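# show me the folded form of this:
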Amino acid sequence: MSDPVFDIAVIGAGPAGLSAAKKAAQGGLTVIVLEEHAKVGEPVHCGECLSAFATKRMGLELPEEVVALHVKGIRVVFPDNSSIIFREEGYDLEKHLFEQYLAVLAQGAGAQLHTSSRVVGMKRENGVWTLSTLGGEVRARAVIDASGFQSVASEFTGLNTEKTKTVMGAQYYMEDVPNDGYIEFYLLPRLAPEGDLWIIPKKGGRANVGLVTAESANAQKYLKQFVKEKGLEGKKIIKPFGGAIPASGPLRKTYGDGLILAGDAAGFTSPMFEGGTQLALKSGELAALTIVRALGKNPRPMTPDINDMASMTDEKKEAAIGEPADPLCADGLSEYEHAWREEFPPYVKLLAGKHEMYALGEQGLSKLAHILPPDVTGMGAQKKALIALKALAAFGPGKVMKIKSALDTFAYSTGEMYGW
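Have a look, this model is predicted:
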């Protein structure tokens with residue numbers, strides 16, 4: 001596997017990696033995808049929902065076999081059992097089949113896929129990466145790390161040394177769970193501190209019932225209690241699954257020499273409900289486009305003036321002319337960060353709003369629910385003004401700006417704003 005030198009090696013065959021591979025191959029680059037598991041999409045780690053806005057944005061036409069249920073939108077349930085809805089169509093996915101579909105698209109565009117190829121080391125010399133995998137060595141001019149929140153590249157290169165804050169996601173894939181076509185998220189701090197719970201429906205009464213919380217050690221205890229309170233105790237659990245989710249926002253560095261991080265590896269998740277699939281798809285595309293453009297430019301350093309050259313020794317002339325500049329140096333890939341910052345919601349601002357929401361506690365959250373209309377889809381200026389007046393009356397002038405910050409985070413939880 002040491003030859004030839006690929007233009008790009010993508011680490012990880014999830015949504016970010018496969019989106020990157022497809023776009024790079026369409027751009028005329030040679031691409032290899034290295035997936036650590038034996039089969040793409042397995043095991044499944046996430047809640048599996050994706051908005052119709054996301055598929056339209058990414059130009060994806062989902063085959064019916066990857067769709068577990070066409071959903072009407074999202075219902076948010078508060079501690080006193082009051083609720084609001086976002087009417088926004090989307091899909092609960094058969095996530096493993098969805099990722100296998102993305103793999104077919106990437107391979108159809110010309111990318112190679114190697115499974116059972118966990119990356120165990122990587123180094124860059126003379127503008128070329130050598131990646132050591134369990135199946136041998138792979139060489140590439142650029143690497144897109146889409147390996148998940150642990151970020152293989154950050155580990156081996158030291159690109160990011162700070163520890164990423166994570167929350168724990170845990171869920172049961174269950175049978176005989178009733179639904180009305182809405183994905184349900186529950187804000188119940190006593191069962192999901194600094195997180196939320198969900199019921200994501202599928203065809204035939206199947207559903208993912210789960211939660212995300214900062215209290216990793218108590219995740220299973222909280223989930224069992226939630227199942228009990230929803231009247232689902234005794235229903236068949238087909239399988240439990242879950243995993244860690246990045247929660248501190250984009251990493252300090254999302255690119256380096258010959259390297260770009262995408263998806264969870266870059267820390268891209270939606271602050272409110274931790275959705276990451278749409279952000280993964282788009283960041284993979286942006287990563288690929290950045291490298292395609294960089295290789296297309298292939299800049300060279302400025303040639304010295306001919307009159308200056310006349311007075312130089314042969315050695316100085318050689319040094320002045322130099323070798324072609326590395327098109328994949330960090331400066332050459334810096335447009336990636338400009339692109340995602342312009343495209344994605346302001347994570348730091350939204351994370352602050354999420355903390356303000358948690359700080360309300362269960363009583364405050366229920367009060368918040370009652371200043372909102374039952375249906376918050378497409379609210380205009382008049383409805384927003386009315387909500388502001390209700391917030392002033394309910395919480396007082398001292399908390400109005402904090403409530404606004406919390407509601408802004410809600411507003412960015414839609415598919416249009418990369419929420420799911």
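
# next structured bit after the helix or strand hosting Ala142?
Assigned by DSSP states H and E, Ala142 falls within strand 136-145. For strand 136-145, the following helix or strand on the C-terminal side (DSSP H and E) is helix 152-157.

# list the neighbouring strands of the strand holding Ala142 plus their orientation.
strand 5-11 (parallel), strand 128-133 (antiparallel), strand 259-261 (parallel) (DSSP bridges).

# among those, which is nearest Arg87?
Among the strands paired with strand 136-145, strand 259-261 comes nearest to Arg87, with 34.5 Å by Cβ to Cβ. C-beta here means a position set from N, CA and C on the backbone, and glycine is covered the same way.

# how far out from the middle of the chain is that closest one?
For strand 259-261, the separation from the chain centroid amounts to 14 Å (computed by Cα atoms, centre = their mean, to the nearest Å).

# give the next helix or strand downstream of that strand.
helix 277-297.

# give me the angle between that next one and strand 136-145.
Using axes from the mean of the first three to the mean of the last three Cα atoms, to 10 degrees, the direction of helix 277-297 lies 110 degrees away from that of strand 136-145.

# buried set for helix 277-297?
By 16 or more other Cβ atoms under 10 Å, the buried positions in helix 277-297 come out as 277-292, 294-295.

# can you check stretch 243-254 too?
The neighbour-count check on stretch 243-254 (16+ other Cβ under 10 Å) flags 243-247, 249-251, 253-254 as buried.

# TSV for those, including distance to Ala142?
Below are those laid out as TSV (distance: Cβ to Cβ, whole Å):
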residue	distance to Ala142
Gly243	28
Ala244	27
Ile245	27
Pro246	23
Ala247	28
Gly249	25
Pro250	20
Leu251	18
Lys253	16
Thr254	14
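
# which of these fall in strands?
Under the assignment DSSP state E, those contribute 243-246 to strands.

# now, which of the residues you listed sits nearest Ala16?
Pro246 (12.4 Å).

# so who does the closest one touch?
When contacts are counted by Cβ atoms under 8 Å, 6 or more residues apart in numbering, Pro246 touches 149, 164-166, 264, 267-269.

# next one: Gly276
For Gly276, the contact set (Cβ under 8 Å, 6+ apart) comprises 46, 245, 263-264, 268-270.

# go on, Ala192?
Contact partners of Ala192, counting by Cβ under 8 Å, 6+ apart, are 186, 211-213, 222, 226.

# then Tyr336?
Contact analysis of Tyr336 by Cβ under 8 Å, 6+ apart lists 254-255, 260, 286-287, 290.

# show the pLDDT at Ala381.
According to the prediction, Ala381 has pLDDT 89.

# same check, this time on the one 4 residues further on
Ala385 is assigned a predicted lDDT (pLDDT) of 92.

# I would like the residues contacting the host helix or strand of it, please.
Per DSSP H and E: Ala385 is located in helix 381-395. Contact partners of helix 381-395, identified using Cβ under 8 Å, 6+ apart, comprise 364, 367-368, 370-373, 379, 399-400, 402-404, 407.

# residue nearest the centroid of the chain?
Nearest to the mean C-alpha position of the chain, by Cα atoms, centre = their mean, lies Gly276 at 3.2 Å.

# separation between that one and Ile237?
24 Å (Cβ to Cβ, to the nearest Å).

# ditto for Ala192
19 Å.

# with Ala280 instead?
In this view, Ala280 and Ile237 are 27 Å apart by Cβ to Cβ.

# go on, Lys23?
Distance, Lys23 to Ile237, by Cβ to Cβ: 38 Å.

# and for Trp198?
Separation of Trp198 from Ile237 (Cβ to Cβ): 16 Å.

# the two: who's more crowded?
For the pair Trp198 and Ile237, the greater number of neighbours falls to Trp198 (25 against 14), based on other Cβ atoms under 10 Å.

# hang on, that one packs against Gly210?
Yes: using Cβ atoms under 8 Å, Trp198 is in contact with Gly210, at 5.7 Å.

# need the contacts of Gly276 in TSV with distance to Val104 and pLDDT, can you?
Below are these laid out as TSV (distance: Cβ to Cβ, whole Å; pLDDT from 0 to 100):
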residue	distance to Val104	pLDDT
Cys46	20	74
Ile245	27	83
Gly263	19	96
Asp264	22	93
Phe268	24	93
Thr269	26	89
Ser270	27	87
